[in-house]
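> This is a predicted model, with the sequence first.
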Protein chains: 2
Amino acid sequence: MFEERYAERVKNLSPSPIRKMMAIAKELMAQGKIVYELNIGQPDIECIPEFVQAVNRKAQTGQINYSPFTGEKYLRETFARYLNNFFDRRHLRHLVVDTDNVLVTVGASNALNNVFLAICNPGDEVLAIEPFFTPYIGYLGLADGVLKAVSTRAENNFALPSEEEIEKLITPKTKAILLNSPNNPSGKIYSREEIERLARICVRHQLFLISDEVYREMILGDEEAFSVLQLDLGDEEQNEKLKNLMIVIDSASKSFSLCGIRIGFVVARKPMIDKIAMVTAHSVACVSDLAQYGVAGAYDAVLARPDYLYQLRQTYRERLDATMQAIEEYLPHVVAPRPAGAFYLMIKFPEFEDITEFCLYMLEKFNMGGETVAVTPANGFYLDPSRGRNEIRVALVVSPEKMRRSIEIISEALKAFKLHKANQVRPML
Amino acid sequence: MFEERYAERVKNLSPSPIRKMMAIAKELMAQGKIVYELNIGQPDIECIPEFVQAVNRKAQTGQINYSPFTGEKYLRETFARYLNNFFDRRHLRHLVVDTDNVLVTVGASNALNNVFLAICNPGDEVLAIEPFFTPYIGYLGLADGVLKAVSTRAENNFALPSEEEIEKLITPKTKAILLNSPNNPSGKIYSREEIERLARICVRHQLFLISDEVYREMILGDEEAFSVLQLDLGDEEQNEKLKNLMIVIDSASKSFSLCGIRIGFVVARKPMIDKIAMVTAHSVACVSDLAQYGVAGAYDAVLARPDYLYQLRQTYRERLDATMQAIEEYLPHVVAPRPAGAFYLMIKFPEFEDITEFCLYMLEKFNMGGETVAVTPANGFYLDPSRGRNEIRVALVVSPEKMRRSIEIISEALKAFKLHKANQVRPML
């Protein structure tokens, strides 16, 4: 009855497929079922111990106070040092990031939503490389913006379309291009050449270039991800224009296994940072000072011992290796390209038209010695409803042994599901 | 140059006068000046110790994980118990609040912004009782909504206008009435009769009744605040309709001196909670699980020892008493009605036309033994730019001795300011 009193922008918002699976999994786990939660990018790894120490130190003071809109200066400074250090250690030419270029947010989600609120008028459009992280649609939708897809295909190794093809999608309403590399869900790392292509388009059409780099540290092969902070268009005027349009998104969630602390970052020129900070001021007032002190402890720690993040890469590589080997053994018929970064795997099952029913069956009705697996149907990662229907996304969030076991469970669940479907369609006598 | 690329909704957002003063005060304090920060509602009281213990326990597990959109079940349950207990202990008839009626947010600011995003289409209007907490304009503005003022006056003890006068302000665009009792900045506690008046209007016009009750525990006299959860329109059909429209806002910030933890609440019917949770899902993803565990520890503690919050009232009463006495002594010419709730005081200085210059002078140029006072010019608490120009808001956030000292400093600063102004206007020879 009061439904019509809600705002248009929220009428069609629903939990992402990732979170729908999470809710079901949690309920089954509460009932005693063992579920490998490969549906969500939340690693089983303990958070970095320096975070715990920093949080305890701050809490002990009994002073839990309002923070500046832009975030605690100490964290902004430390994060800027971390970022510069990341490129310096690899001898990569990059834009030097200063404290003033950093805004602290309630996670990368909030960073993106705040950016959209700061740049989109109702009906404005943002181009995102498809497949993309499903909630992008809602982050933008809350700002009354509309997501439009720049389609890429697994068959083509998710390569970006040509400059001309991308430009065809631009209208007077287009405000930004949103890039995510290493990509969730595809694992693709976009090349310097591809990202330069986007940058040139952005400069030409005065579009913001929003680069979600939360998986910067998750490199699964030999190739580092190319950051927009490394861009050089070979022309000072072009570079200068680009600096006004460049917005980098980052987060402490994945690098330190701190998904629940909700600390993210926006990196941009100071006037842009100050503008987005006004969104923070009028949405959450400010970010938790306790969380910021804790996370500053984490970044401080990896500046002192960078091996922490190298070790993390190694951890995810071992998980991926075990998974790829298990797929070869248990699921020889699927298509599963090895990802270059992030910590997800897309698996295509040619026998399905729509894999959602199987995912739900496996989670709710199937078990192997009391265990089962939660995965995310990949359809939600595409804007085009006809795409990704026979694909799933699997997150490398448990040990190699458990990843292997999960693939085995999927393969057994497939057999059981076929029987289950055959039994459903019973011929008349 | 890129200014025109920003969204309309953020073009006019600026820091509130409270926060502008905070920024200047912090800078002066860094330079060694002692500033009594009476400009912001952040008490100098240490947070409740059970919060610290709960945070430490949770951090030690090393598991900092995504939380459900609606918040941790344990905190929602505990907060519902706290709320029911608050009324039960005082033998007040009230709506019983269930876990499903509670949404956890990133502070009351986020609660309000999320509610506005969930109910306001661009151009929709919300009526707020003026004077009001300045950032309300921005919380609503981010949702492309417009605040309209229901004016009240100190001379009339901030009494609500009549039903007819309020109804004159309603247009087809009006979506809600926003109430804040005990009120920031006026300290007014609205009566049962006044709040029933608003409720009847809301039911008649299908408007949401949003009640910001963050100062519920801050009672400075004999009168408890009346909550919308106690409303009874004496007719089941009316009461039923009202339940669909009622939205209560609360926060852990003031009750436990935890301004920096950023935990707030929305209390409403389940369908409304589920809808607003979709805003959480697509803005911050979820609220920090660590912060939620800590705050659950705080609410658990006051359920076991309610004297904590009674003691807190006593603390604020002593601060108020000292302040009122000092005003009588040092500032006999001002108008300063004793507030009934919250922890602010409005002081009117008849000699000023615009008091902002004096506030800045006192903070930046004046000191008394190296000490000065930051206060907030009250003009920003009114939508009408002609109002509140000779008023300040003072927060009772330091000890009685320091409150007394602050009033003394204000009185000395007044004298110095008069001299300073007299010297500025020097007659020609």
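Right, received. Where do you want to start?

> doesn't A:F358 make contact with A:L414?
Yes: using C-beta atoms under 8 Å, A:L414 makes contact with A:F358 at a distance of 7.4 Å. Using the backbone N, CA and C atoms, a C-beta is placed for each residue, glycine as well.

> which residues do these two both contact?
Residues touching both A:L414 and A:F358 (C-beta atoms under 8 Å, 6 or more residues apart in numbering or on different chains) are A:F349.

> Looking at the two, which one has more neighbours?
Neighbours were counted for A:L414 and for A:F358 using other C-beta atoms under 10 Å in any protein chain shown; A:F358 has more, 24 against 20.

> got the contact list for the more buried one?
A:F358 is in contact with A:F349, A:F352, A:A413, A:L414, A:F417, counting by C-beta under 8 Å, 6+ apart.

> Look at the closest residue to chain B within the stretch 251-400 of chain A and say how many residues are nearby.
Of all residues in the stretch 251-400 of chain A, A:H282 sits closest to chain B, at 3.2 Å by C-beta to the nearest C-beta. Neighbour count for A:H282, taken as other C-beta under 10 Å: 30.

> cool, and the one 10 residues further on?
With neighbours defined by other C-beta under 10 Å, the count for A:Q292 comes to 27.

> Can you tell me the SS state at it?
Classification of A:Q292 using DSSP: H, G, I helix; E, B strand; the rest coil returns helix.

> Next, work out how far apart it and B:A342 are.
The spacing between A:Q292 and B:A342, counted by C-beta to C-beta, to the nearest Å, is 28 Å.

> just A:E412 next, same as before
To B:A342, A:E412 is 62 Å away according to C-beta to C-beta.

> which of those two has more neighbours?
Neighbours per residue, other C-beta under 10 Å: of A:E412 and B:A342, the larger number sits with B:A342, 29 against 16.

> Look up phi and psi at the residue nearest to A:K348 when sequence neighbours are not counted.
Sequence neighbours aside, A:V335 is the residue nearest to A:K348 in space, at 4.1 Å (criterion: C-beta to C-beta, 6 or more residues apart in numbering or on different chains). Note on A:V335: backbone dihedrals following degrees, to the nearest 10 are phi -110, psi 120.

> now do A:V146
phi -130, psi 130.

> isn't it right up against A:L140?
Yes: under the criterion of C-beta under 8 Å, A:V146 makes contact with A:L140 at 7.0 Å.

> Mind listing the shared neighbours of the two?
With C-beta under 8 Å, 6+ apart as the test, A:V146 and A:L140 both reach A:V126.

> of the two, who's got more company?
Taking neighbours as other C-beta under 10 Å, A:V146 and A:L140 compare with A:L140 leading, 27 against 16.

> give me the element that one is part of.
If you go by DSSP states H and E, A:L140 is part of helix A:136-141.

> same for that helix, what does it pack against?
Applying 3 or more C-beta pairs under 8 Å, 6 or more residues apart in numbering or on different chains; DSSP states H and E, one finds that helix A:136-141 makes contact with helix A:107-119, strand A:146-151.

> Would you state the helices of chain A in chain order?
A:8-11, A:17-30, A:49-60, A:73-89, A:107-119, A:136-141, A:163-168, A:192-205, A:236-245, A:270-281, A:289-304, A:307-330, A:356-364, A:400-424 (DSSP state H).

> Distance of A:P161 relative to A:T152?
Distance from A:P161 to A:T152, by C-beta to C-beta: 7 Å.

> what do you get for A:C259?
For A:C259 relative to A:T152 (C-beta to C-beta), the value is 27 Å.

> same thing with A:K270?
Per C-beta to C-beta, A:K270 is found 34 Å from A:T152.

> Please identify which of these two sits among more neighbours.
Remark: of A:K270 and A:T152, A:T152 carries more neighbours, 21 against 14, as counted by other C-beta under 10 Å.

> Might one say that the more buried one is in contact with A:S162?
No: taking C-beta under 8 Å as the definition, A:T152 is not a contact partner of A:S162, at 12.0 Å.

> Pull up the distance across stretch A:181-191, start to finish.
Start and end residues of stretch A:181-191 are separated by 9 Å (C-alpha to C-alpha, to the nearest Å).

> Check stretch A:113-125 too.
End-to-end distance for stretch A:113-125, by C-alpha to C-alpha: 14 Å.

> how close does the most centrally placed residue in chain A get to chain B?
By C-alpha atoms, centre = their mean, chain A has its centre lying nearest to A:N184, at 5.0 Å. A:N184 is 13 Å from chain B, where distance means C-beta to the nearest C-beta, to the nearest Å.

> Same question for A:E46.
Distance check for A:E46 against chain B: by C-beta to the nearest C-beta, it reads 3 Å.

> what number of residues lie near that residue?
Residues lying near A:E46 (other C-beta under 10 Å) number 14.
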